[in-house]
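S.K.: what follows is a predicted protein model with its sequence.
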Amino acid sequence: KSHNSICFQIGRKRFGQFVLIKHVGCGTTTQKIAALRVKAEQEFEKLSLGQQLPLLPQAPKPAGKALLLSLKITGYHRVFGAVYDRIGFPKGLLRDLTIARIAHPASKSSTVRYLNCYLGLTLTKDSVFRFLDTLDKDGLTKTAFNFVATKNRGLTLIFYDVTTLSFETEKEDGLRQKGYSKDHRHDLPQILVGLLVDRDGYPLDFDFFTGKTFEGHTFQVAITNLLSKYSLKNLTVVADAGMLSSDNLDFLERSNLHFIVGARLKNLTAGITAEILSHDFGKGNPFSLDLKNRRILVSYSSDRARKDRHLRENLVAKLTKRLEAQVPVIKKSKYLKWMGGGGNGLSLDEAKAAADAKFDGLKGYLTSVDLKDCPAEEVIRHYHDLWQVERSFRMSKSDLCERPIFHRLEKRIKSHLTICFVSLLVLRETERILKTGGYSLSLALELLGKVVEGRVRIGKVELSTESDLDLSTKSLLELFEGH
């Protein structure tokens, strides 16, 4: 006995005194003392018989082991759950489904098995599907919008883009239809998803449309829905050239919104094109031209010029090789022209290739922003921040496995997209915090999967247990304790 604890030690008598060989440990609770007693007996057995040969053959004595009764991963809830709570999303099953979507993105059936086996939750597939029917998309997107707006101290700049998500079926219906697939899965029905994000790629809201919808037709719907929910002033919308149509731009001007969109330089008038091509782009000097209430900007990049030239020369070389070998060629390339006669009836349009070469490295932008308030260089930089939307799409498709979608009913499809939307915001904010400690998302998932708790039985005694954390994992968890 030592103070209020019981200590277990192994030793021997020498000249009437106790000589310590090994200190096993001390315990204050009944469970701890029982566990130490078992451990001490095992250590005693090894030390007393380790160097002594038995007089008679003995059957091997089974080694004492702790029986694992239960085990669950707690690391994911301690990190992703903390971020989820900080954003302000509601408690309950959505929190667990969001964490499972990040840690183990899979079908709902696989998610239920994962939650039951590894996260210590008892759920059924029916209970999860019933819950999906109750999800409030508008309420959850408002929570996300308020969090992002607070982070930015108000929103004056938003980015919009669309992607396609396929279904694991060949059947089409009113919503799931075949169309132009950004994932090159034209054989499967799909839906079109429009996403609004801030300059850091944090999702603000989303909408979804039938699979054969033209992406430019989603723009006004998405912006109208956004304006109907929130009071936004001095807002600038950034989108790529796919959203560039006179109807969309007129709509933004009627709504008193500014815009920055990609411009198709080769569709401009001959006079404007001549001015652009004669402009001196040296020292990063962009071309600028007023068009009533709008302004055309053009920038030049030597890296982009090399890429444009490489792509064009590769395409011309492939077409030339096929034409010389008289291999049938379908007239889809802009560098082919119809000549009539025998064979393919096609030839290389060298004039078109030479005309395109003049635009190597040039990128056009159309904006309604006053350059006195936002210089041309800043307008161009805002447009290039569209990569944040593309990265959010990649995270949704790769990290969260948003597609293929296995649901059939529209309300279930909407709930699936909503869970992925919530998970994306949690993932984005988690990633920001991880960077402050030098952690990548993949490393964090690996370390957090080793943070576990459970119950073990030693003899007749049951004990609680938890993983022994290394310094890297402890530092990771500490990053989120202050957030």
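M.R.: Good, I have the coordinates. Fair warning: this is a prediction, and the values are worked out from it, not measured in the lab.
S.K.: spell out the secondary structure type for the nearest residue to residue 213 once chain neighbours are set aside.
M.R.: Nearest in space to residue 213, with sequence neighbours left out and distances taken as CB to CB, 6 or more residues apart in numbering, is residue 192 at 4.9 Å. C-beta here means a position set from N, CA and C on the backbone, and glycine is covered the same way. What DSSP: H, G, I helix; E, B strand; the rest coil gives for residue 192 is strand.
S.K.: surely residue 192 and residue 206 touch.
M.R.: No - contact criterion CB atoms under 8 Å: residue 192 and residue 206 do not qualify, at 10.9 Å.
S.K.: could you count how many residues lie near residue 368?
M.R.: By other CB atoms under 10 Å, the residues close to residue 368 number 18.
S.K.: what's opposite residue 207 in the beta bridge?
M.R.: Beta-bridge partners for residue 207, by DSSP bridges, are residue 194.
S.K.: ok, residue 393 touching residue 164?
M.R.: No - Residue 393 is beyond contact range of residue 164, at 9.9 Å (criterion: CB under 8 Å).
S.K.: buried ones in stretch 185-202?
M.R.: 185, 188-199, 201-202 (16 or more other CB atoms under 10 Å).
S.K.: now it: average pLDDT?
M.R.: The average pLDDT within stretch 185-202 is 93.
S.K.: related to what we said a few turns ago, so who does the residue nearest to residue 213 touch?
M.R.: Taking CB atoms under 8 Å, 6 or more residues apart in numbering, we find residue 192 in contact with 162, 163, 164, 179, 208, 209, 210, 211, 213, 215, 218.
S.K.: got a winner among the residues you listed for most neighbours?
M.R.: Compared across these, residue 162 has the highest neighbour count, 27 neighbours, by other CB under 10 Å.
S.K.: quickly note the distance from residue 260 to residue 369.
M.R.: Taken as CB to CB, to the nearest Å, the spacing of residue 260 relative to residue 369 amounts to 6 Å.
S.K.: so what sits against both of the two?
M.R.: When contacts are counted by CB under 8 Å, 6+ apart, residue 260 and residue 369 are jointly contacted by 236, 379.
S.K.: the strands in the stretch 1-150 of the chain, which residues?
M.R.: All strands of the stretch 1-150 of the chain, identified by DSSP state E, counting those that start in this stretch, fall at 6-14, 17-27, 67-73.
S.K.: TSV please, covering those and showing distance to residue 235, mean pLDDT and mean neighbour count.
M.R.: Output for the strands of the stretch 1-150 of the chain, formatted as TSV (distance: least, CB to CB, whole Å; pLDDT from 0 to 100; neighbours: other CB atoms under 10 Å):
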stretch	distance to residue 235	mean pLDDT	mean neighbour count
strand 6-14	69	91	14
strand 17-27	64	89	13
strand 67-73	42	90	14
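S.K.: wait, which of the ones you listed is closest to residue 349?
M.R.: Distance to residue 349, taken as CB to CB, is lowest for strand 67-73 among the strands of the stretch 1-150 of the chain, at 60.2 Å.
S.K.: quick one: list the elements packing against the closest one.
M.R.: strand 452-458 (3 or more CB pairs under 8 Å, 6 or more residues apart in numbering; DSSP states H and E).
S.K.: and the strand it packs on, which residues are buried?
M.R.: Neighbour counts over strand 452-458 (16+ other CB under 10 Å) mark 452, 454, 456, 458 as buried.
S.K.: isn't residue 129 right next to residue 412, touching?
M.R.: Yes - the criterion here is CB under 8 Å, and residue 129 meets it with residue 412 at 7.3 Å.
S.K.: quick one, phi/psi of residue 161?
M.R.: Note on residue 161: backbone dihedrals following degrees, to the nearest 10 are phi -160, psi 170.
S.K.: near the nearest residue to it once chain neighbours are set aside, how many other residues are there?
M.R.: The shortest distance from residue 161 to any non-neighbouring residue, by CB to CB, 6+ apart, is to residue 389 (4.2 Å). For residue 389, the count of nearby residues is 25 (other CB under 10 Å).
S.K.: what do you get for the one 5 residues further on?
M.R.: Burial of residue 394 is recorded as 12 neighbouring residues (other CB under 10 Å).
S.K.: low-confidence regions, the protein specifically.
M.R.: Scanning the chain with the threshold set as pLDDT under 70 gives 49-64, 330-331, 340-344, 482-483.
S.K.: so for it, the centremost residue is which one?
M.R.: The centre of the chain sits closest to residue 395, judged by CA atoms, centre = their mean, with a distance of 2.4 Å.
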